[in-house]
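> from the sequence below, what's the structure:
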Amino acid sequence: MRRMFFVGAWMLASALLAATPAMAEIRIIQSPGGEVGPFLDLFEQVRESGERVVIDGPCLSACTLVLSIVPGERICVTKRAILGFHAARSVDRRGRFYAEPEASDAVLQAYPGPVRNWISRHGGLSSRLLLLKGRDLAAIYPRCR
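Just a heads-up that it's a prediction; the model follows:
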């Protein structure tokens, strides 16, 4: 059965679609990120399922953890794919953001080597959003067929 996960503006939602017996896939269409926990749970389930991940739009922040959890040979990108990276941060009870340098280091080390290298060449993880797309992205992950 072909499954597509639509990651929307503020929530992670899934929907079952038409059956495609040849290969099941998860399609990331748009994800602004969010709390890390739900993304870790989802991508661990995807890793265990054996499904392929198609990145077909913006996959920002916590969504990029897919690269650390699902084997790279099961990830492909479309021309619309954009990966967005920034340093880890938390929010206190008053709604103020603060940096989490140890978490940022751990996340960076968990990314595959080519992604880590790209991030390093573009200034490293910081509060600024780094966008990996186009030719740079296609040099790391294959285009979906």
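> going by C-alpha atoms from here, please, whenever you check contacts or count neighbours.
Fine.
> need the CA coordinates for the longest helix anywhere in the chain. PDB is fine.
When the chain is parsed with DSSP state H, its longest helix is helix 36-49. Output in PDB follows, covering the C-alpha atoms of helix 36-49 (Å, rounded to 0.1, in the frame of the first residue of the first chain):
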ATOM      1  CA  VAL A  36      12.000  16.800  17.700                       C
ATOM      2  CA  GLY A  37      10.200  13.900  19.400                       C
ATOM      3  CA  PRO A  38       7.400  13.300  17.000                       C
ATOM      4  CA  PHE A  39       9.800  13.400  14.000                       C
ATOM      5  CA  LEU A  40      12.100  10.900  15.700                       C
ATOM      6  CA  ASP A  41       9.200   8.500  16.300                       C
ATOM      7  CA  LEU A  42       7.900   8.900  12.800                       C
ATOM      8  CA  PHE A  43      11.200   8.400  11.100                       C
ATOM      9  CA  GLU A  44      12.100   5.400  13.200                       C
ATOM     10  CA  GLN A  45       8.800   3.800  12.100                       C
ATOM     11  CA  VAL A  46       9.700   4.600   8.500                       C
ATOM     12  CA  ARG A  47      13.200   3.100   8.900                       C
ATOM     13  CA  GLU A  48      11.700  -0.100  10.300                       C
ATOM     14  CA  SER A  49       9.000  -0.300   7.600                       C
END
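> immediately after that helix, which helix or strand?
Scanning forward in sequence from helix 36-49 by DSSP states H and E, the next helix or strand is strand 52-55.
> now do the buried residues in the following helix or strand past that next one.
On the C-terminal side of strand 52-55, the closest following helix or strand by DSSP H and E is strand 58-60. Residues 58-60 are the ones in strand 58-60 that count as buried (16 or more other CA atoms under 10 Å).
> of those, closest to residue 25?
Closest approach between those and residue 25, by CA to CA: residue 59, at 15.9 Å.
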